[in-house]
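Q: give me a 3D structure for the following:
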Amino acid sequence: MKRYLPVEDRDTLVRDTHSNAVLNTDLEGLNAYRTQKRKFNEIEKIKTDVIEIKGDIEEIKHLIRSIAKG
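A: Residues are numbered from 1 along each chain as shown. Prediction:
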């Protein structure tokens, strides 16, 4: 008996006959998801960095005002 059987009406899915699990064989889709996820994570990191830099600038402005007042 074959280890993987195609799932009816789904070109990218197969059923493992040993575990009965349905597996996705769409590697192109997986790579696209990974690329999208990586870009999303990079954007989130940039957002976090910008928020941190804004806080640092506010702190610097506060220190400059304190020095200027004497």
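
Q: so how far is residue 18 from the residue nearest the centre of the chain?
A: What sits nearest the mean C-alpha location of the chain, by Cα atoms, centre = their mean, is residue 37, with 2.9 Å. Going from residue 37 to residue 18 by Cβ to Cβ, to the nearest Å gives 30 Å. Just so you know, the C-beta spots here come from the backbone N, C-alpha and C atoms, and that holds for glycine as well.

Q: repeat that for residue 4.
A: Residue 4 is 9 Å from residue 18, by Cβ to Cβ.

Q: higher neighbour count, the two?
A: The residue with more neighbours, out of residue 4 and residue 18, is residue 4; 13 against 9, by other Cβ atoms under 10 Å.

Q: how about that one, nearest residue that isn't a chain neighbour?
A: residue 14 (4.1 Å; Cβ to Cβ, 6 or more residues apart in numbering).

Q: surely the one you found and residue 20 touch.
A: No. Between residue 14 and residue 20 there is no contact under Cβ atoms under 8 Å: 11.6 Å.

Q: more neighbours: which of the two?
A: Each of residue 14 and residue 20 has its neighbours counted (other Cβ under 10 Å); residue 14 has more, 18 against 7.

Q: give me the phi and psi for the residue nearest to residue 4.
A: phi -130, psi 160 (degrees, to the nearest 10).

Q: show me the contacts for it.
A: 4-7, 22-23, 25 (Cβ atoms under 8 Å, 6 or more residues apart in numbering).

Q: how about the helices in this structure?
A: 27-69 (DSSP state H).

Q: where does it dip in pLDDT?
A: Counting by pLDDT under 70, the chain contains no low-confidence segment.

Q: ok, 80 please
A: Residue ranges of the chain with pLDDT under 80: 1, 70.

Q: count of residues packed around residue 58?
A: 10.

Q: with residue 21 instead?
A: Counted with other Cβ under 10 Å, residue 21 comes out at 9.

Q: hmm, it is touching residue 5, no?
A: No. In this structure, residue 21 is not within contact of residue 5 by Cβ under 8 Å, at 11.5 Å.

Q: show me whatever sits in contact with both of those two.
A: With Cβ under 8 Å, 6+ apart as the test, residue 21 and residue 5 both reach residue 15.

Q: great, nothing more from me.
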